[in-house]
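Chemist: what's the 3D shape of this:
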Amino acid sequence: MTKKLLSFLTFMLLFVVQMSFAQQRTVTGIVTDEEGLPLPGVNVIEKGTNNGVQTDFDGKYSIAVEQGSVLTFSYVGFATQQKTVNSTSINVTLSVDAAALDEVVVTGYGSRSKELSTSAVSNISSEEIENFVPSTSLDNVLQGKAAGVQVTSANGRPGQTAFVQIRGIGSVNAGTTPLYVVDGTPVDSDFVNNINPNDIESFSILKDAATASLYGSRGANGVVVITTKKGKSGDARIVIRSSIGSASKIDDINFDMMNASQKLELERQYAELGVSDASALPGAVASPEQLELLKSYNTNWQKELLRDSYVQSNSLSISGADDRLTYYLSLGYDKNTGIIDRIDGYERVSARLNTTYQAKKWLEVGANVSVSRNTTDLPRDRNNVQNPFVAMYSYNPYEPLYSRDDNGDIKRESDGSPIYNPTSQGFPIALALQTEPESIRNFLLLGSLYADFKFGEKFSNKFTVGGNSNRYNRTTRSISGGVLNSIVGDANFPGDQTDNYELDFQYNVNNIFNYTDTFGEYHNFSASFLLEYNERIYTDLFATSSGYPSPDIPYQDVAAKPTRVGSGEERNRLFSQGLFLDYNYDRKYILSGSIRRDGSSRFGPDNKYGYFYSGSAAWNIAEENFLKNSFVDDLKLRASYGTSGNQNIGEFNYLSLLEFDTYNGNTAARPQGIGNPDIQWESQALLDVGIEYSLFDNMISGVFDYYKKNSKDLLLERPISQTIGDEDNSILSNIGEIENSGFEISLNVNLIRNEKIRWSIGGNAAFLDNEVKALTNGNDIINGSVILREGEKINSFYLPRYAGVNPSNGQPLFLDKEGNITSEFSDSNSVLLKGKSPQADFEGGFYTSFKFHGFGLRSDFVFKKGNYILNYQKQDGLSISGITSNKYVDAFNYWKEPGDRNVYPNPIYQANADQTTTRFLESGDYLRLRNLTIDYTLPSKISSSIGLNSLRIFATGQNLLTFTNYTGDPEIGIGSEETAGPDDDGFVSGNYSLYSYPQLKTYTAGIEISF
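Modeler: Numbers count the residues shown, from 1 in each chain. As a prediction, this is how the structure comes out:
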């Protein structure tokens, strides 16, 4: 009986197993849209299970399921469908979900349908961002992506932020950087490079008054709203992205440095002509044997001091959502060693958690928290021997890296290590990079919490608390026995170190009460009331000491001699109220308005508050009956006008201040400056008119905008009598007006859209004009080589004019103020060069994207035209008095005999020939292949068979080609940070080149895997 029972149970088990296998089947099919075009990336999931795949590039899928199960087909912008499995082939056509497809404009205080937006907003999606990752700074991603957004890399140093201006220069002294808002929290622009680009879902760039005025005093220079990724409906999605690569200095453009033979020959020629500085150089005095030895060295200083950097980027994200909870968790690690040999470069570690929870039907809560730490080893960015980029152009090619004896053999220390050659500059930079280390560490905590209450269908209230805290540490050392310490250090207390500590803490609290209603079916109305409080607290400490017993113990406690200490604190507060109104009639005719009141602690009691407003309107013409069922998909006409303010000035300028020092061993105070209690907000008025369109089933789409931006009550220094007692003999006052105006065009065309090929092209361009409208009593403001003058472009160049070379004797010629030719140089003959400034008249970018099955190719170009750059590096490379340093090969092209034209001056006239004139002012026009990406996505049938949702392999190149007539790299933000940096008064981005960290050419390859 037992054997029979066992046999029966075995039979039944085999029967069940057989039936189970019999019911398992592989279902295949194609998912298309309503036009029959395949949809790649559609989620195909067996309902109630974790079993799922994605369609490949051809819209095909393959999934193993049981008979009678239900498959769910979901895709962004399309209505979800469900199909019961009753065959082995199921093809699905997804229909457009109008509600899901309605693009959203994110403003930071909320979002609205793009159809109902009345503002000029440029959006950059995660897909576009991915083509620029890895990038160690977010703002570089914006370059060439949005019309009217001028982005220039500050320099090529890894981790360095870019200079971003939206629709021109809105201020002279009060800052021109836009406001960055990350998930609703304002963030200082210096901190955006701490955010992992892989975490970004989109950028929304708010350019006109309809949205920027919502931010009042903080939106004067435009707003960049950054939205990070959130979890999406479905099971947990794990994405791993990893890439490695290499970067190198962009090749010298339109010039070559001399080799050893050429430099020695130039020295000989100069000496024969009587150039005194050349008479004692090797080219003039060395014996033939010595010359041959020097030529044999032929040192390439770029190769000796630079390297190909190692670039690495890794990220891991886990995201998902159910009916009540969404989550997104990420980790990131980025490293870029930089191109300077003997120092470490840049490294960043980051983590992020974004989550929302539907606690009740009427309550949603959420949190966005990120933490990151970056470290950077710095070169000395200055115009002297401590800068390796000065060294690689100035060191002579006949001078080797290591000191040599008379036989050419390397000299060595007692321990056998080679001795670095101090060169004719007297400063062995290769050794100094090791003995004069400088590093920066940043630790950024960024987060926000919110609670969104729904009081029925009409009322809601969102309360948000956000903040960011950045801890900055900088250590500068000169090690005992090192290069600089041996020159300027204290022999009795060898070794110097300075430690800087800064804590920049900012928090923001806002509450928005919303009311939404519809009247008479077609009248849709909403109102929002804002209360917001923002406070920034900045503290800093520093200490300097000498006398360190060991370079391996870099702590102030062990120093023998403390030499200097200091500390400080700054606070500013902003309290705001705002009312925002929106109305539309049947989604065709749209009106929006806002008014905001800001109170800032940076102004005196009588001028603390500023009032800012905006009004805008739009007409969705495509919704009219006469355009229904036509080739016009979307057509919107919109206009806006509004005001904003600028409060980006120092603290307590409205007060007369004291500074403290010592006198006879006692604490003493002295006047620091004369305050002006009447200073008030800079004000800005912005007019915008635009058209948005989409034609032929979205085959062609674009935007056209015209704007005019007037900035008034500019905060400038007004000269005052020397008897008043101000150390600068000036007082900050509201004087001056500037105007920016221009056209912006964006165009995208889908050339081919079929089952196998997708090819699109597009781009944007901005035409920008600006003018100084008013200054103090009409007086010019001269800032080195640039000038502000009423009726002229902002920061027009102001230089003596070069008139070429006298063909009879090679003497340099100039123009005096009246335009007469003269051989006498004088700075007093400087004139404004009409239409020539560091600001471009025309810039933008364009792209092409081609996909064939799983293969993809995308290229992005950027361009700039109409700006000028004072080329100090070229001036050095051709200077006659600088013959002790290496020179451009072109320096041979000097005047040699009567009748020579298109040549450089005769070297005997070096005193005048080397002067800073328009001879070294060059057009900065360029076209650059900013990015080239090639990728391949594995078909979903194959990826699912190995347990993956998707697998993508990619290779990317950045800054691959540059077309320009400029001598050098025309993309310049900082010429030399120590000479003039972003925090210095009067700093003008891109007005000169002077050995800052060069731009980099980067190659990376990577893989992206999704589970």
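Chemist: on the three-state scheme, residue 115 is what?
Modeler: helix (DSSP: H, G, I helix; E, B strand; the rest coil).
Chemist: list the buried ones in stretch 810-827?
Modeler: Going by neighbour count (16 or more other CB atoms under 10 Å), the buried part of stretch 810-827 is 810-816, 825. Placement of C-beta: from N, CA and C, glycine included.
Chemist: same question, stretch 673-685
Modeler: Neighbour-count burial for stretch 673-685 flags 673-676, 679-685 (criterion: 16+ other CB under 10 Å).
Chemist: now the strands for the stretch 51-200 of the chain?
Modeler: 52-54, 60-66, 70-75, 78-84, 92-93, 104-106, 111-113, 121-125, 149-153, 162-166, 179-182, 185-187, 200-206 (DSSP state E, counting those that start in this stretch).
Chemist: let me fix that: the stretch 251-400 of the chain
Modeler: 309-321, 325-336, 346-360, 363-377.
Chemist: follow-up on the earlier one: least confident of the strands of the stretch 51-200 of the chain, on average?
Modeler: Looking at these, the lowest mean pLDDT belongs to strand 104-106 (a mean of 75).
Chemist: what's that strand packed up against?
Modeler: Other elements packing on strand 104-106 under the criterion 3 or more CB pairs under 8 Å, 6 or more residues apart in numbering; DSSP states H and E are strand 111-113, strand 200-206.
Chemist: ok, which of those comes nearest residue 30?
Modeler: Nearest of these to residue 30, taken as CB to CB: strand 200-206 at 29.2 Å.
Chemist: who touches the closest one?
Modeler: For strand 200-206, the external contacting residues (CB atoms under 8 Å, 6 or more residues apart in numbering) are 105-108, 119-126, 129, 138, 141-142, 145-146, 149, 166, 178, 212, 219, 222-230.
Chemist: thinking again about what came up before, and residue 295, which of the strands of the stretch 51-200 of the chain is closest to it?
Modeler: Taking the strands of the stretch 51-200 of the chain one by one with CB to CB, strand 149-153 is closest: 38.0 Å.
Chemist: contacting residues for residue 236?
Modeler: Here residue 236 is in contact with 318-320 (CB under 8 Å, 6+ apart).
Chemist: farthest-separated two in the buried residues of stretch 810-827?
Modeler: Going by CB to CB, the pair spanning the buried residues of stretch 810-827 furthest: 810 and 816, at 20.6 Å.
Chemist: list the contacts for residue 446?
Modeler: Residue 446 neighbours (CB under 8 Å, 6+ apart): 182, 185, 187, 191, 194-195, 369-372, 467-468.
Chemist: can you pull out the strands in the stretch 601-750 of the chain?
Modeler: Using DSSP E, counting those that start in this stretch, strands in the stretch 601-750 of the chain cover 609-620, 632-646, 657-663, 666-673, 682-695, 700-712, 715-719, 730-734, 737-753.
Chemist: columns mean pLDDT and distance to residue 929 on top of the ones you listed, output as a markdown table?
Modeler: Listed next are these as a markdown table, based on pLDDT from 0 to 100; distance: least, CB to CB, whole Å:
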| stretch | mean pLDDT | distance to residue 929 |
| --- | --- | --- |
| strand 609-620 | 93 | 37 |
| strand 632-646 | 92 | 32 |
| strand 657-663 | 71 | 51 |
| strand 666-673 | 72 | 49 |
| strand 682-695 | 93 | 29 |
| strand 700-712 | 94 | 23 |
| strand 715-719 | 73 | 41 |
| strand 730-734 | 75 | 45 |
| strand 737-753 | 94 | 19 |
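Chemist: now render these as CSV, adding distance to residue 947.
Modeler: As requested, those are exported to CSV (distance: least, CB to CB, whole Å):
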stretch, distance to residue 947
strand 609-620, 47
strand 632-646, 41
strand 657-663, 67
strand 666-673, 68
strand 682-695, 40
strand 700-712, 39
strand 715-719, 62
strand 730-734, 65
strand 737-753, 32
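Chemist: ok, which of the ones you listed comes nearest residue 966?
Modeler: strand 737-753 (23.4 Å).
Chemist: gap between the closest one and the chain center?
Modeler: 20 Å (CA atoms, centre = their mean, to the nearest Å).
Chemist: partner strands of whichever helix or strand comes after that strand, with direction?
Modeler: For strand 737-753, the succeeding helix or strand toward the C-terminus, using DSSP states H and E, is strand 757-774. Take DSSP bridges as the rule and strand 757-774 pairs in its sheet with strand 737-753 (antiparallel), strand 842-852 (antiparallel).
Chemist: mind checking which of these is nearest residue 415?
Modeler: Here strand 842-852 is closest among those (CB to CB), at 54.6 Å.
Chemist: adding mean neighbour count and distance to residue 544, write the helices and strands packed on strand 104-106 out as a markdown table.
Modeler: Compiled in a markdown table, the helices and strands packed on strand 104-106 are given as follows (neighbours: other CB atoms under 10 Å; distance: least, CB to CB, whole Å):
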| stretch | mean neighbour count | distance to residue 544 |
| --- | --- | --- |
| strand 111-113 | 16 | 50 |
| strand 200-206 | 22 | 40 |
